[in-house]
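[1] any chance you can model this:
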Amino acid sequence: MQTEMVILILGTALVILYDFTNGFHDAADMVATAIASRSVSPGRAIFLVTLFTFLGPLIGGVAVADTIGGFVDIQGVPGGMAQTLTLSALLAAISFNLITWKLGLPSSSSNSLTSGLVGAGLFMLGNSKIHWGVEELMHGEITGFMKIVVGMVISPLAGLVVGFLLIKLIHRLLHRLRSKSRVFLLGSQYLTISWLALSHGTNDAQKGMGIMAMFLLASGITPTLSVPLWVIFMCATSITLGTMFGGWNIIKTVGFGIYKVKLIHSIADQIGSAFVILSSSLIGAPVSTTQVVTTTLVGIGAGERPRHVRWNAAKSIVKGWLYNIPTCIILGALYCYVFSKLLL
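    Residues are numbered from 1 along each chain as shown. Below is the predicted model:
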C-alpha cells in the first residue's frame, strides 16, 4: 500500500514537472516575436500568456487529452506495467525538454511525450497494444497514433503556408494606412498574444491531462480513461507556472535568430499560429506550439523577404525536431527497462 502511494505521488509529480517544462518552452515561443519587435514589454507579454494559457484548458474541452491517453491501450494491463509505461514516457519527455532548454533550442514537448509513449509502449506491451490507426486511415478516418502523426506533420506545413499568405494579406490591407497602422497594430498586439496563449492552453495543457488520465487508470483510481476536473486544474496551473518563468535562451533563438522581427511580423505570427493550433484542437489533434510558431515565422519571412530569412538557423531547428522523435522513443524504452527492474 505504501509503495502504491509513493508511485502515485511520483507519477503526479512527473505530470506536473512535464507541464511545467512544457510551459516555459512554449511561453518562450509565444512571446519571442513580441519581445523581438519591441512592441510589448517582456513583463506584460508573460502576464498575458500566463493568464490565457491558464484559461485555455478550462474552456477548450479534452479532445486532445483523449487522443493522447487513448492511442496506447492499457485496459486490462496489470497496474505495475501500465504505471511503468506512463512514468517512462513522462521522464523521456521531461529529459528532452530540459536538454533542449539548456541548449536554447526550440523543441516539441508534444513529440517528446508521444514518442516516449511509443518507446515505452513497444518495450512493455508490444506492437499490438498501440492503436496506430493505419487501417482506419485507409478508410478516410484519422484516429489513434495517426491523428498525432497527421497533426505533427501537417501543422508545421500549415504554419508555413498560413504565415506566407497572411503577411501578403496584411501588407495589402495596410498599404493605404501606413501613417496610422502602427497605432492600430500596437493595440491589436495584446489581442493576438492573448489569442495565441489561449490556443496554446487548449492544446498543450491537454497532453499532461491525457497522460495523467492514463496513470490514474493504471493505478486503479479511475475505472475508465477519463480526465477528472481536478486534473484539468492541476495541469492548467502547472503549465501556467512554467509559462511565468519563460525560457529566455529560446526567446533569443526564435525572436532574433530566424528573421528580423518587426511589429507587423509579430502580429502575423501570433494570428497564424493561433489559427493553426486552435483548428487542430477542435479535431483533437495534438500539435507542437514550438513548431507552429517557428514555421509560421519562416513563412512570414519567405513571403516578405526570402533572402533575409536566416535559413541556416531554421535548418538547425528542423534538425533538432528530427532528432526529437527517435531520441524520445529510445529514452522511453530505456526508462521503461530501468523502471521494470525497480518496480516489477
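
[2] just how off-centre is the longest helix along the chain within its chain?
    Taking DSSP state H as the criterion, the chain has its longest helix at helix 2-36. Here the centre of helix 2-36 is set off from its chain's centre by 11 Å, with CA atoms, centre = their mean, to the nearest Å.

[3] so which bits of it are buried?
    Residues 7-8, 11-12, 14-36 are the ones in helix 2-36 that count as buried (16 or more other CB atoms under 10 Å). C-betas here are computed from N, CA, C, even on glycine.

[4] how near is residue 109 to residue 77?
    Using CB to CB, to the nearest Å, we find residue 109 at a distance of 25 Å from residue 77.

[5] show me which of those two is the more surrounded one.
    More crowded of residue 109 and residue 77, by other CB atoms under 10 Å: residue 109, with 29 against 18.

[6] contacting residues around the nearest residue to that one once chain neighbours are set aside?
    Closest residue in space to residue 109, ignoring its immediate chain neighbours: residue 22 at 4.0 Å, by CB to CB, 6 or more residues apart in numbering. With contacts defined as CB atoms under 8 Å, 6 or more residues apart in numbering, the neighbours of residue 22 are 97, 109, 204-205, 207-208, 239, 242.

[7] with secondary structure, distance to residue 133 and pLDDT added, can I get the residues you listed in TSV?
    Below are the contacts of residue 22 laid out as TSV (DSSP: H, G, I helix; E, B strand; the rest coil; distance: CB to CB, whole Å; pLDDT from 0 to 100):
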residue	secondary structure	distance to residue 133	pLDDT
97	helix	26	87
109	helix	22	81
204	coil	22	79
205	helix	23	75
207	helix	18	84
208	helix	22	88
239	helix	27	84
242	helix	30	82
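
[8] tell me which of those is nearest to residue 58?
    Of all these, residue 205 has the smallest distance to residue 58: 9.0 Å, by CB to CB.

[9] quick one, helices of the stretch 151-300 of the chain?
    Using DSSP state H, counting those that start in this stretch, the helices assigned to the stretch 151-300 of the chain run over residues 178-203, 205-218, 229-245, 248-257, 263-282, 289-304.

[10] which one, of the ones you listed, ends up nearest to residue 332?
    Residue 332 lies closest to helix 205-218 among the helices of the stretch 151-300 of the chain, at 11.8 Å (CB to CB).

[11] so which elements touch the closest one?
    Judged by 3 or more CB pairs under 8 Å, 6 or more residues apart in numbering; DSSP states H and E, helix 205-218 is in contact with helix 2-36, helix 42-59, helix 63-70, helix 79-103, helix 109-124, helix 229-245.

[12] weakest of those helices by average pLDDT?
    Ranked by mean pLDDT, the helices and strands packed on helix 205-218 end with helix 63-70 at the bottom, a mean of 78.

[13] what is the distance between that one and the centre of its chain?
    On CA atoms, centre = their mean, the centre of helix 63-70 falls 13 Å from the chain's centre.

[14] residue 57 - how many residues pack around it?
    Residue 57: 32 surrounding residues under other CB under 10 Å.

[15] measure it to residue 96 for me?
    Residue 57 sits at a distance of 22 Å from residue 96 (criterion: CB to CB).

[16] quick check: the closest residue to residue 37 other than its chain neighbours vs residue 69, distance?
    Spatial nearest neighbour of residue 37, excluding adjacent residues (CB to CB, 6+ apart): residue 266 at 4.2 Å. Plainly put, residue 266 is 35 Å away from residue 69 if you go by CB to CB.

[17] next: residue 116.
    The spacing between residue 116 and residue 69, counted by CB to CB, is 14 Å.

[18] tell me which of those two has more neighbours.
    residue 116 (33 against 26).

[19] verify the stated contact: the more buried one with residue 87.
    No - Residue 116 is beyond contact range of residue 87, at 10.1 Å (criterion: CB atoms under 8 Å).

[20] who touches both of those two?
    Residues touching both residue 116 and residue 87 by CB under 8 Å, 6+ apart: residue 335.

[21] if I pick residue 211, what's in contact with it?
    Applying CB under 8 Å, 6+ apart to residue 211 gives the contacts 15, 18, 68-69, 86, 89-90, 113, 117.
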